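Student: Give me the fold of what follows.
(chains A and B)
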Amino acid sequence: MPDTPTPDKTPPIELATLLAGNIHEVKNLLGQLFLGLDEAAVTAQSECPKLAQRLVEMRLTGRRVHDRLLHILTIYKAESGFFSANLDAYDPAEIIEDLALEARSLAGIRLIIESSSTAHPSWYFDRYLVESALTNALHNSLRHAATRIDISAREEDGYLILCVKDDGKGFPAQLLESGAQPLHNGEQGSTGLGLYFSRTAAAAHSNKGKNGFVKIANAGAQGGAEFALWLP
Amino acid sequence: MAEAIDFKNKRVLILDDDPGMRNTMRLILNTFGVTRSYQAATANEAVRRIQQEHYDIILSDYFLGEGRDGQQFLEELRHNKLIKLSTVFMMITAERIYEKVVSAVELAPDDYLIKPFSGEQLRSRLERTLIKKEAFAPVYALIESGDLRAAIATCEILMEEIPKYAIDFTRLKCDLCLTLGDYAEAERVYRQILETRALPWARMGFGKALFMQDKFEEAEDIFAEVVEDSPQYLEAYDWLANAHEAVGKGEEAQAALASAVEKSPNTLPRQRKLGNIARRNGDLDTAEKAFSTVVEKGKYSYFRSPEDYTELGGVMADKGDFKEALSLMGEARKQFSNSPEASMCAAVMESMIHKKSGNDKEAQAAINEALHLQESAKLDISNTMKLNLATACYQNGREDAGNSIVSDLIKNNHEDKALMQQAERTFEALGRRDFGMNLIESSAKEIIQLNNQAVRKAQQGDLEGAIAMLREAATRLPDNMQIVLNAAHALLVFIDKNGWDQDYMADAKRYLEKANAKDPNNSKLGKLNAMYQDVAKKYGSAR
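Tutor: Numbers count the residues shown, from 1 in each chain, chains lettered A, B, ... in the order given. Below is the predicted model:
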């Protein structure tokens, strides 16, 4: 892959830039690994279903590694000022459907996945940022849900609201209280980095003086986690 | 849920320089039923395959090695009309450069997929793009038959019927309005879109609509704003440069192009343009750098041109490095060994270089070779090269040959203001401005008079007399779009009024095909294409 950055000739090289470049490369290698796993899982389906299930689990772990790298990179970009949303028209229902497909392939028969959209079929947003934020929420829900995940799109107050909801134990109180700041001493692999990324992605969307934002809550009858992305 | 698409009969071309990735893609495509997938390792190999056979879907990686990228590949395909509008072009990209992919306004891929992706994601994206193409099929068919007016009307109907694609139909309608020359309507619709959201592509389109209506200062402001707010939209720099140039700001135009080139050095047409403007501004170092890049990167391109070498040779001669200039001409002859065009371009430039270095005898020999090549076959060379040929003629005392080249060039392009200015500069450089102006003006006048005479005849009811004049002129001046289009117009009016005429219709068709190939963006062309369709329909012979 010619995707390795050529370091600048003039030393000293900035550590952050060097790290960012290397994270990129690791991320690309992961990409090839995922495609390989996908294909292996399909082949294994008929020959050895047990192995196929293992491969699906490995893929979820790989996805989480990838998510982390992406969040670090995006935040690096935002901090260095190279960050803006690339708006285009998309159908929110399609985003929701894709997310549900991904959820079903990662959850196997463990969870019920429901999706629904009542939003207008044409909204402006940066598909990549929105998908990345929702995927992060989904991967969290996949680990914590008891029986089901609900993914939905709707409109309210001139905002498009994209929502991922599960029926697990909900967000830890610490995370709900921390606001936008990532936590440094993450318990159970939760550092709040993903949430910080999602907030950055939401805020990059603005329209007529209104900015996007994230709402997290422990809601529903079972008190499960509810992640909502509000886009103007 | 998107309804399932049957991928069994779809022909898919996978372009990636990494064999491992190509193979993985093939296996992934297999999992959702694609049985006919084909592979190419380089863009050139892909172009060859596409020229030979049709593909429904092209999956191209952004990084292609050899200093080329997927965006250039896509631009080559679209510029040369190698793929149909219905063909799906999907770009596969790493996250790091996806901004470049989404920032292509004019020639964007149908969709893109960011690595890493799953097989499911690929299937879902392909399905949706195919469904969308299906919705656009009626419009595409009309565009491909040349009936842009009907295509616009269909866009207007479909944007109401399919709200999901409303904005896409609106965008396509605006593009078509720009092509058709209906700039005021395009301006109006873009303004409407901009009232709801400041989308960069709508701002670009708005600026272009203004530019086309000669509102250069307003357009300048708009493009400057886009560059300011969305610096990743490289086309905005190109248009900003155009606008600067139109109001005579050569230095600013060069600066705008230079910033775009800095961000993306691989786009050769932009480098060429930068080279030309820099040379005109007297900035020979920048010109040399730009043309060197064109020559170097062009080596890998299927669409390279011998004139890239002569441009660089010209700059080197301007700098006084005659040895390097001549060696470049030798390289051009070697690189394009079977092309008489290349030999001719090299000979012209060699003559000019020898003249400059004081070697009159060699200069004579070279111009003789060039003129001999020109007489032996009809060569397809650019207008710039024709002016170079004329210069070399004048420099070597071949007055008649020079006069006839310039006069022919002007008569074929008497409406092209930029070319007239370029011709003027050519004579200025020769120190014969007045002589040149005379020649240019009298050549242009001849065509204007001929055209006016024909129009007068038509107005007085002698349509057949007008047709006779215009047909004769169109044969003599096949590259003059005004003459060719007026001839087509007169023929179509005659048939519409007096009934079917096989000969006339065939000529009208031939003229329009020629114009569609040579100058597809001509503002009169869309209306005439539509008129041809109407007449053909009226007499029951649609093509």
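Student: Could you use CA atoms for every contact and neighbour count after this?
Tutor: Noted.
Student: Can you get me a residue count around residue 175?
Tutor: Since you didn't name a chain, this refers to chain A. Residues near residue A:175, counting by other Cα atoms under 10 Å in any protein chain shown, number 18.
Student: my bad, chain B
Tutor: Residue B:175 is flanked by 19 other residues according to other Cα under 10 Å.
Student: distance of it from chain A?
Tutor: For residue B:175, the distance to chain A equals 17 Å [Cα to the nearest Cα, to the nearest Å].
Student: residues touching that residue, list them.
Tutor: Residue B:175 sits next to B:186, B:205 when contact means Cα atoms under 8 Å, 6 or more residues apart in numbering or on different chains.
Student: Based on its surroundings, how many neighbours for residue B:422?
Tutor: Residue neighbour count, defined by other Cα under 10 Å, stands at 14 for residue B:422.
Student: same deal with residue B:298?
Tutor: The number of residues packed near residue B:298 is 22, by other Cα under 10 Å.
Student: From what I see, it and residue B:267 are in contact.
Tutor: No. Assessed by Cα atoms under 8 Å, residue B:298 is found out of contact with residue B:267, at 9.9 Å.
Student: Phi and psi next, for the closest residue to chain B within chain A.
Tutor: Nearest to chain B in chain A, going by Cα to the nearest Cα, is residue A:31, at a distance of 3.9 Å. Main-chain dihedrals, residue A:31, degrees, to the nearest 10: phi -60, psi -50.
Student: Go ahead and confirm residue A:96 touches residue A:152.
Tutor: Yes. Contact criterion Cα under 8 Å: residue A:96 and residue A:152 qualify, at 6.4 Å.
Student: which residues are common contacts for those two?
Tutor: A:115-117.
Student: Which ChimeraX command selects the buried ones in these?
Tutor: Remark: buried members of those, expressed as a ChimeraX selection using 16 or more other Cα atoms under 10 Å in any protein chain shown:
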select /A:115,117
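Student: of the shared contacts of residue A:96 and residue A:152, closest to residue A:223?
Tutor: Residue A:223 lies nearest to residue A:115 out of the shared contacts of residue A:96 and residue A:152, by Cα to Cα, at 19.3 Å.
Student: Name the nearest residue to the closest one, ignoring sequence neighbours.
Tutor: residue A:151 (4.7 Å; Cα to Cα, 6 or more residues apart in numbering or on different chains).
Student: Test my guess that that neighbour contacts residue A:94.
Tutor: No. Counting by Cα under 8 Å, residue A:94 is not a contact partner of residue A:151; they are 11.7 Å apart.
Student: more neighbours, the two?
Tutor: Neighbours per residue (other Cα under 10 Å) separate residue A:151 from residue A:94, with residue A:151 holding more: 25 against 18.
Student: Point out where the chain drops to low pLDDT.
Tutor: Picking chain A for this. Within chain A, the stretches with pLDDT under 70 are A:1-13, A:80-83, A:178-191, A:220-222.
Student: please go with chain B instead
Tutor: B:1-3, B:66-67, B:95-99, B:101-102, B:105-106, B:301-303, B:520-521, B:540-543.
Student: Tell me the residues of it that contact chain A?
Tutor: Residues of chain B lying near chain A by Cα under 8 Å from any Cα of the partner chain: B:1, B:18, B:21, B:24-25, B:27-28, B:31, B:63, B:65, B:94, B:96, B:99, B:102-103, B:115-121, B:124, B:163-167, B:197, B:199.
Student: Buried members of those residues into PyMOL, please.
Tutor: To isolate in PyMOL the members of those that are buried, counting by 16+ other Cα under 10 Å, one can use:
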select buried, chain B and resi 18+21+24+25+27+28+31+63+65+94+96+99+102+103+115+116+118+119+120+121+124+164+165+166+167+199
